[in-house]
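Undergrad: predicted model follows, preceded by the sequence.
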Amino acid sequence: MTESVQSRLLVRVRIWLVLFIVGLILSGITAFPLEHETGVLNRIFAVAPSAPVAGEPALHGWLRRVHEGIVQTNRDYPFMAYGTDWLAFAHLVIAVVFVGPLLDPVRNKWVLAFGVIACVGVLPLALIAGPIRGIPPYWRLIDCSFGIIGAIPLIICLRYVRQIEASGSSKRQATPVP
């Protein structure tokens with residue numbers, strides 16, 4: 001494998017990792033303003049504010065229930081939002097961990113493998129905890145999709161890293177990020 005092919009593979013890895021890191025950051029940031037976000041969703045989907053409307057889609061009832069639950073919890077038990085603050089923080093910290101593979105994907109391929117394992121772990125969590133917590137089946141599938149979608153760029157990166165390793169370039173440092 002030529003040096004230019006290795007460089008192109010490194011660029012591809014870094015592009016996928018930047019997309020993954022941005023996704024983690026967005027997931028983290030959006031875990032803070034849940035009350036506002038669910039209110040916006042209710043307005044976008046024209047969900048009736050208080051009582052179910054005959055014939056409305058199940059999604060409307062779910063969005064209303066979630067928003068009402070968040071509003072009431074924030075009003076009566078504001079300390080509960082601290083849990084989602086930590087969820088947001090965890091996403092941001094995990095995003096920082098992926099800076100290692102961004103700088104040197106060959107040396108830090110274990111982070112990519114860890115990320116794939118974490119993404120796969122989303123599925124049993126959503127499918128086991130979802131019914132226990134009363135999450136509708138369609139919403140559990142949405143949650144599962146985050147694990148599947150998150151794993152795709154990491155698997156692609158691992159494939160590229162293996163190609164780089166197979167070329168014998170794993171003995172040298174990755175090209176520095178400009």
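TA: Perfect, thanks for sending it. Quantities reported herein were computed from a predicted structural model and do not represent experimental measurements.

Undergrad: run the chain-centre distance for stretch 23-38.
TA: 11 Å (C-alpha atoms, centre = their mean, to the nearest Å).

Undergrad: mean confidence for it?
TA: Stretch 23-38 shows a mean pLDDT of 96.

Undergrad: buried residues in that stretch?
TA: Within stretch 23-38, the residues that qualify as buried are 23-25, 27-28, 31, 34, 38, counting by 16 or more other C-beta atoms under 10 Å. (Glycine included, C-beta is placed from N, CA and C.)

Undergrad: likewise stretch 38-52?
TA: For stretch 38-52, by 16+ other C-beta under 10 Å, it's 38-39, 42, 47.

Undergrad: max-length helix in this structure?
TA: Using DSSP state H, we find that the single longest helix of the chain is helix 137-166.

Undergrad: remind me which residues of this protein are low pLDDT?
TA: Within the chain, the segments meeting pLDDT under 70 span 169-178.

Undergrad: got the residue ranges for the helices in it?
TA: Using DSSP H, helices in the chain cover 3-29, 34-44, 58-76, 81-97, 99-103, 109-132, 137-166.

Undergrad: so for Pro52, which of the ones you listed sits nearest?
TA: For the helices of the chain, the distance to Pro52 is smallest for helix 58-76, at 5.6 Å, taking C-beta to C-beta.
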